[in-house]
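**Student:** Okay, predicted coordinates and the sequence, questions at the end:
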Amino acid sequence: MENLSIVETADGSKTIFNAEVGEHYHSNHGALQESLHVFVNAGLKYYLENNPSDEVNICEVGFGTGLNFLLSANHCTAEKIMLNYTGIEAFPLKQEINAQTGYDQYISTDVWASYQQKYIDCLTNPQQISTYSSLKIEPVRLLHFDTNQKFDLIYYDAFAFRYQPEMWSDESIKHILKFLKVGGVFVTYAITGNLKRSLQSLGCTIQKIPGAGKKREMLRAVKNSE
């Protein structure tokens, strides 16, 4: 925890700064704004609008503070859609700092309380967080992640390329795309030529859409084939 500190972002929501990596867990222009825009609105809501269902399976690369999960769980609970969520996080936050994020003000009291109570247990077994959400956090590096499950959405929320270039390699993208079902959606705050080429080579249709805050563009991709 000595390398981690809670900081306030431009929209008043908090994130964590990792001094060892030299990067924030979310955009310092607005953690809440970024999470809602990139992952909930451009990812989850987009998928459900095009694929109406009473259940959705999401895998997040870079679980971090859990904000993307909490907002997704809050939305699915309100809409009575069952959310099965898997977070990949090689370096899970300790409970003490996780509890200091202040994200309770953006979600239901019940979802927040259950998440705090069961967070540690999520690292070993899936936990029911609410009537309409379950969570499993896989404490492994991306390339070591494996499952028989296929996901409807992938939230790709790794640290930026200049801090973690290995997370944006062709090998990493190919590995995680194995677990996305045909018709599934890959969404991330980033957009680079290499990422676009990598996704296209893996049978995805690329969509450039407006980014969050001061970021001009972000990337969404739909998987068309295996």
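**Tutor:** In hand now; what should we look at? Numbering: from 1, shown residues only.
**Student:** From here on, just use CA atoms for contacts and neighbour counts.
**Tutor:** Fine.
**Student:** For residue 87, which residues are in contact?
**Tutor:** 59-63, 135-138 (C-alpha atoms under 8 Å, 6 or more residues apart in numbering).
**Student:** Provide the secondary structure category for it.
**Tutor:** Judged by DSSP: H, G, I helix; E, B strand; the rest coil, the three-state class of residue 87 is strand.
**Student:** Quick one, which of the contacts of residue 87 are buried?
**Tutor:** 59-63, 135-138 (16 or more other C-alpha atoms under 10 Å).
**Student:** quick one: which of these is nearest to residue 101?
**Tutor:** Closest approach to residue 101 among those (C-alpha to C-alpha): residue 63, at 13.9 Å.
**Student:** Validate this expectation: the closest one resides in a helix.
**Tutor:** No: assigned with three-state DSSP, residue 63 falls outside any helix and is coil.
**Student:** As CSV, the buried ones among the contacts of residue 87 with distance to residue 88 and pLDDT would be great.
**Tutor:** Listed next are these as CSV, based on distance: C-alpha to C-alpha, whole Å; pLDDT from 0 to 100:
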residue, distance to residue 88, pLDDT
59, 7, 98
60, 6, 98
61, 5, 98
62, 6, 96
63, 6, 97
135, 11, 98
136, 9, 98
137, 6, 98
138, 5, 98
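**Student:** neighbouring contacts of stretch 69-84?
**Tutor:** 35-36, 40, 44, 53-58, 63, 85, 106-108, 111-112, 130-135.
**Student:** Looking at these, which are in strands?
**Tutor:** 55-58, 85, 130, 133-135 (DSSP state E).
**Student:** Assumed residue 7 was part of a strand.
**Tutor:** Yes: Residue 7: assigned to a strand according to three-state DSSP.
**Student:** which stretches of the protein form strands?
**Tutor:** Counting by DSSP E, the strands of the chain are 4-8, 14-18, 23-24, 55-61, 82-88, 127-130, 133-138, 151-156, 180-188, 204-210, 217-223.
**Student:** Let me see the mean pLDDT of the longest helix anywhere in the chain.
**Tutor:** Identified as the longest helix of the chain according to DSSP state H is helix 67-79. What helix 67-79 shows for mean pLDDT is 96.
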